[in-house]
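Novice: mind looking at a prediction? Sequence and model below.
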Amino acid sequence: MKRGQLADYFEGVGVKRLSAVDTEPKTSNQHEVGTTRGMRGAFLGEDHQRKFDAVYVWLGEDQDGITAEGWATHYDARRNKPRAAEWRLYYPSNPVTEAMKAGDTLFLAKDRHEILWFIVAPEGSTSEQQLFWLFGLRPEGQSFVSREFTDAEPELDFAARYILDELGVEFEEPEADKLDSIIEKFGSTFPPTAEFSQLARLTLPEVQAEDDPDAALVAWLDHEEALFRRLERRVVAERLEQGFVTAEGTDVDGFISYSLGVQNRRKSRMGHSLENHIAAVLDSHGVAYVRGAITEHNHKPDFLFPSLEGYQAAAEDDPSLTMLGAKSTCKDRWRQVLAEAEKISRKHLLTLEPGITEPQTAQMEASSLQLVVPQSIQATYTAAQQEWLWSVAGFIGEVRRKQAAA
């Protein structure tokens, strides 16, 4: 099934490191940033005083981002003057522009609906590294570096769609209608996550975790995500058709509550799906483990090897013991894993998050935490990091070696 390309969403993008001049208001609550000829030729155009609808996004390191809707005007500051044209993007103050500062990176992109995306990521953050990888650009000097997207772009893989989702870009597979026959039995209700995960595996019979556990894990997650998004569209559309009206009038609180519920369901479901598919991978390789066992101080490591009884009977740092945390998104939550299973000093954490920064992974290593990342997602990390990362296959091999030796 086709998975889409960046060109399906964006015409082009420019990236630059913000200077103090870019971030400080020149007049009351209004800012400007200069654009380049390449950006104008690729996607901004040269229509004087063109006003764009805009989406402003600020992506922090360890906290939720900020999104604001607004506008931006592209204009020639030297219009009707003898000097050469000087094009600038003029934008109003909003929560995103108030949060950004000199040194942050600005990604300015135009989507296929003629909307500008004004995306800001702090310098050195994981979000910045992810966007560098997604758009294939890094800032050089004080001016924008830009590119346009074409049909020659590769298809969006799991990591790319992960980052688009973090941005708030709504996407659906180009051939998503092919999934309708699979989810038809659910009607307009969501099944338990375990049932949905099993369905994703059953409807990808060509994927065998015994052959390639890394590829299988990502393929199952990818397929389940596509199934979920297709069913979600059906469920949400039906609810919107019913409307949000009470005897007192428009039910604004009801709409907001429903919208938040949709977002929370997406986030919680991914974490449970990841654990479900990890368990299936482990089962396919005959690995002994227990999920959610309660250890010291009521902690519940996601996966404990080989068993809770074995853990309780073992001495501290017994080489036969292993634990694995599972977090689809790390951010600063990776530290939670350090307190789980006190008898095991060397922890393991499997994540789907692309492009975590080198300082962050260095902190993990210094804290005796080994990061496990599916092989295809490792491409978003630096070459030095990839030498340190473990694959899913590598982790399984180590656990099987321990259990065979016990």
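Specialist: That came through fine.

Novice: okay, CA-based contacts and neighbour counts for the rest of this
Specialist: Will do.

Novice: so, low pLDDT: which residues of the stretch 1-150 of the chain?
Specialist: Applying pLDDT under 70 to the stretch 1-150 of the chain picks out residues 1-2, 25-30, 61-64.

Novice: quick check: buried residues in stretch 94-101?
Specialist: For stretch 94-101, burial by neighbour count (16 or more other Cα atoms under 10 Å) applies to Val96, Thr97, Met100, Lys101.

Novice: please disregard the earlier target; I meant stretch 346-360.
Specialist: Buried residues in stretch 346-360 (16+ other Cα under 10 Å): 346-358.

Novice: related to what we said a few turns ago, JSON lines for the buried residues of stretch 94-101, including distance to Ser273 and secondary structure?
Specialist: Listed next are the buried residues of stretch 94-101 as JSON lines, based on distance: Cα to Cα, whole Å; DSSP: H, G, I helix; E, B strand; the rest coil:
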{"residue": "Val96", "distance to Ser273": "32", "secondary structure": "helix"}
{"residue": "Thr97", "distance to Ser273": "36", "secondary structure": "helix"}
{"residue": "Met100", "distance to Ser273": "34", "secondary structure": "coil"}
{"residue": "Lys101", "distance to Ser273": "37", "secondary structure": "coil"}
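
Novice: out of those residues, the closest to Glu46 would be?
Specialist: Of all the buried residues of stretch 94-101, Thr97 has the smallest distance to Glu46: 24.2 Å, by Cα to Cα.

Novice: note down every partner strand of the helix or strand harbouring Glu69 and its orientation.
Specialist: Assessed by DSSP states H and E, Glu69 sits inside strand 66-76. Looking at strand 66-76 with DSSP bridges, its partner strands are strand 50-58 (antiparallel), strand 87-92 (antiparallel).

Novice: for Arg147, find the nearest of those.
Specialist: Sorting the strands paired with strand 66-76 by Cα to Cα, the top spot, which is the nearest, belongs to strand 87-92 at 17.4 Å.

Novice: run through who's touching the closest one.
Specialist: Residues from elsewhere that reach strand 87-92, judged by Cα atoms under 8 Å, 6 or more residues apart in numbering: 29-36, 70-78.

Novice: I only care about these that end up buried; give me the ChimeraX line for that.
Specialist: The ChimeraX selection below is limited to those of those classed as buried (16+ other Cα under 10 Å):
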select :31,32,33,34,35,36,71,72,73,74,75,76,77
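
Novice: could you measure from Lys327 over to Gly271?
Specialist: 6 Å (Cα to Cα, to the nearest Å).

Novice: comparing those two, which residue is more hemmed in?
Specialist: Taking neighbours as other Cα atoms under 10 Å, Lys327 and Gly271 compare with Lys327 leading, 21 against 17.

Novice: so what's the backbone phi/psi at the residue nearest to the more buried one when sequence neighbours are not counted?
Specialist: Distances taken as Cα to Cα, 6 or more residues apart in numbering put Thr351 closest to Lys327, at 5.1 Å, once the chain neighbours are dropped. The phi/psi pair for Thr351 (degrees, to the nearest 10) reads phi -130, psi 160.

Novice: residues in contact with Thr351?
Specialist: Thr351 makes contact with Ala326, Lys327, Ser328, Thr329, Cys330, Leu371, Val372, Val373, Pro374, according to Cα under 8 Å, 6+ apart.

Novice: one more time with 7 Å, if that's ok
Specialist: Neighbour list for Thr351: Ala326, Lys327, Ser328, Thr329, Cys330, Val372, Val373 [criterion: Cα atoms under 7 Å, 6 or more residues apart in numbering].

Novice: among the residues you listed, which pair sits farthest apart?
Specialist: Spanning the widest gap among the contacts of Thr351 are Thr329 and Val372, at 12.5 Å by Cα to Cα.

Novice: more neighbours: the two, which one.
Specialist: For the pair Thr329 and Val372, the greater number of neighbours falls to Val372 (23 against 18), based on other Cα under 10 Å.

Novice: quick one, strands of the stretch 301-406 of the chain?
Specialist: Here the stretch 301-406 of the chain has its strands, by DSSP state E, counting those that start in this stretch, at 303-305, 322-327, 347-351, 369-372.

Novice: who wins for proximity to Ile294 among those?
Specialist: Checking these against Ile294 by Cα to Cα gives strand 303-305 as the closest, at 9.7 Å.

Novice: element containing Arg147?
Specialist: Here Arg147 sits within strand 145-148, counting by DSSP H and E.

Novice: strand partners (parallel or antiparallel) of that strand?
Specialist: Sheet pairing of strand 145-148 (DSSP bridges) gives strand 10-17 (antiparallel).

Novice: how far is the strand it pairs with from where the chain is centred?
Specialist: On the basis of Cα atoms, centre = their mean, to the nearest Å, strand 10-17 sits 19 Å off its chain's mean C-alpha point.

Novice: can you tell me what sits against it?
Specialist: Here strand 10-17 makes contact (Cα under 7 Å, 6+ apart) with 39, 42-43, 103-112, 137-139, 142-149.

Novice: stretch 126-142 now?
Specialist: Contacts of stretch 126-142 (Cα under 7 Å, 6+ apart): 15-17, 59, 61, 121-122, 145, 160, 163, 354-357, 380.

Novice: redo that, cut-off 8 Å
Specialist: Contacts of stretch 126-142 (Cα under 8 Å, 6+ apart): 13, 15-19, 59-61, 105, 121-122, 145-146, 160, 163, 354-357, 380.

Novice: that one spans what distance, first to last residue?
Specialist: OK, stretch 126-142 end separation, Cα to Cα: 22 Å.

Novice: of the contacts of stretch 126-142, grab the buried ones for PyMOL.
Specialist: Buried residues among the contacts of stretch 126-142 (16+ other Cα under 10 Å), as a PyMOL selection:
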select buried, resi 13+15+16+17+18+19+59+60+61+105+121+122+145+146+160+163+354+355+356+357+380
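
Novice: tell me who's in contact with Ala109.
Specialist: Applying Cα under 8 Å, 6+ apart, we find Ala109 in contact with Phe10, Glu11, Gly12, Val13, Gly14, Leu116, Trp117, Phe118.

Novice: residues touching Gln386, list them.
Specialist: Gln378, Ala379.
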